[in-house]
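Colleague: below is the sequence, then the predicted model.
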Amino acid sequence: MNSVAFFCVVWIVGLVGFAINQGLEEWRHRGKRCAHGMRVTHEHACMECEAEKRRLQNQWELAAERERASKELRGREIKRLSEAWLGNANTYLEMPPRQFEDAVAELFRRLGYKVKQTPFTRDGGKDAILRKGGKKYLLECKRYGPAQGVGRRDLQILFAAMHAEGAAGGFCVTTGSFTSTAKEYAAAVNITLYDWSRLAFLVNEAYPESADFSEASVMCRECGLVTTVPVDVLPASAQCRNGHAVTSNIVIADFRILAEAEVPYCETCGAPMRLVKWHGREFWGCTSYPKCRSTKPLRSRAQDSLVLRR
């Protein structure tokens, strides 16, 4: 037998084996019954099985929609609660120094200043450069205890920076107090002082509408109802109107300093966003990507400042 004939025989045997195997598979499939006792073929399927499949698909789609809506609600609530949190003067007394600087800078943004913050260390005697009405001002922040005072020496450093920058005035904001010599010196060199007692006036001016941040609106994963749940250091729980347990997905640590003119926060999950350059385009992307794929169009600093003033 030559090689061609041998190849043909092997091919025919393989073809016959494939046909037999297909026949056996078809026979086994025809003999198969579903969970409801119905015989199932390629042409015929149990209607109850099909209904169950559609029901499970609808459940999955509903759960996915609720997950999306829950994330969007969380983002909106973090933004709302953060503004209420920053509108409370006592909040500033509990902040660490860097967060305090960021929060005070945001106060001045909301008051219409264009703000450029300096590095946290080696800042040259200033924490931020402010501009408003064609004039430049410098800002210095001191996160001190209530009994700790800012002295004349600290203000002299700020004034030296004002002179070097050609600033028309300065602001010094502290959670502590100012010594009598510091107050006298500030009045002579056009530095406006805000100690722990006057900080509340600055906060109220930037956030004129006070709001409560003790409760958050959270969506029930079981039925989709929105329920108010207390906000605390750890997740708290409540019951929706249908009696389901709802655990808050927002804690105090989620509150943000909403410096939209600098870095926006994701409206879906509340995380800060980062500048993304992709295929010649620039836009804001969530830092929790790929877990969250939310984006936001990139706007100019002037547009962001306009939004903040509104």
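Modeller: That came through, no problem. In this text, all values refer to a predicted model and were calculated from it rather than measured experimentally.

Colleague: please identify the buried residues of the longest strand that the chain contains?
Modeller: Ranked by residue count under DSSP state E, the longest strand found in the chain is strand 135-142. By neighbour count on 16 or more other CB atoms under 10 Å, the buried set for strand 135-142 is 136-142. In short, each C-beta sits where N, CA and C put it, glycine included.

Colleague: which other helices and strands does that strand contact?
Modeller: helix 97-110, strand 128-132, helix 152-165, strand 169-174 (3 or more CB pairs under 8 Å, 6 or more residues apart in numbering; DSSP states H and E).

Colleague: which neighbours does that strand have in its sheet, and in what orientation?
Modeller: For strand 135-142, the paired strands and their directions (DSSP bridges) read strand 128-132 (antiparallel), strand 169-174 (parallel).

Colleague: and the strands in this structure?
Modeller: Using DSSP E, strands in the chain cover 114-117, 128-132, 135-142, 149-150, 169-174, 177-178, 191-194, 215-219, 226-230, 237-239, 245-247, 273-278, 281-286, 295-297.

Colleague: please identify the most buried of these.
Modeller: Most buried of these, by mean neighbour count (mean count of other CB atoms under 10 Å): strand 169-174, with a mean of 23.

Colleague: what sits up against that strand?
Modeller: 104, 108, 130, 135, 137-144, 150, 154-155, 158-159, 161-162, 178, 186, 189-196, 199, 202 (CB atoms under 8 Å, 6 or more residues apart in numbering).

Colleague: mind running it again at 6 Å?
Modeller: The contact list for strand 169-174 (CB atoms under 6 Å, 6 or more residues apart in numbering) reads 104, 137-142, 144, 150, 158, 162, 190-195.

Colleague: and what of stretch 276-288?
Modeller: Contacts of stretch 276-288 with the rest of the structure, by CB under 6 Å, 6+ apart, involve 264, 266, 269, 271-274, 292, 294-298.

Colleague: need these in a markdown table (columns: pLDDT).
Modeller: Converted to a markdown table, those look like this (pLDDT from 0 to 100):
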| residue | pLDDT |
| --- | --- |
| P264 | 69 |
| C266 | 76 |
| C269 | 73 |
| A271 | 72 |
| P272 | 71 |
| M273 | 77 |
| R274 | 79 |
| C292 | 85 |
| S294 | 87 |
| T295 | 87 |
| K296 | 83 |
| P297 | 83 |
| L298 | 73 |
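
Colleague: which of those residues sit farthest apart?
Modeller: Greatest spacing in the contacts of stretch 276-288, by CB to CB: C269 and L298 (19.2 Å).

Colleague: of all the buried residues of strand 135-142, which comes closest to E215?
Modeller: Nearest to E215, judged by CB to CB, of the buried residues of strand 135-142 is C141 at 30.4 Å.

Colleague: so how far is D127 from the closest one?
Modeller: The spacing between C141 and D127, counted by CB to CB, to the nearest Å, is 5 Å.

Colleague: who touches both of the two?
Modeller: Contact criterion CB under 6 Å, 6+ apart; residues shared by C141 and D127: E101.
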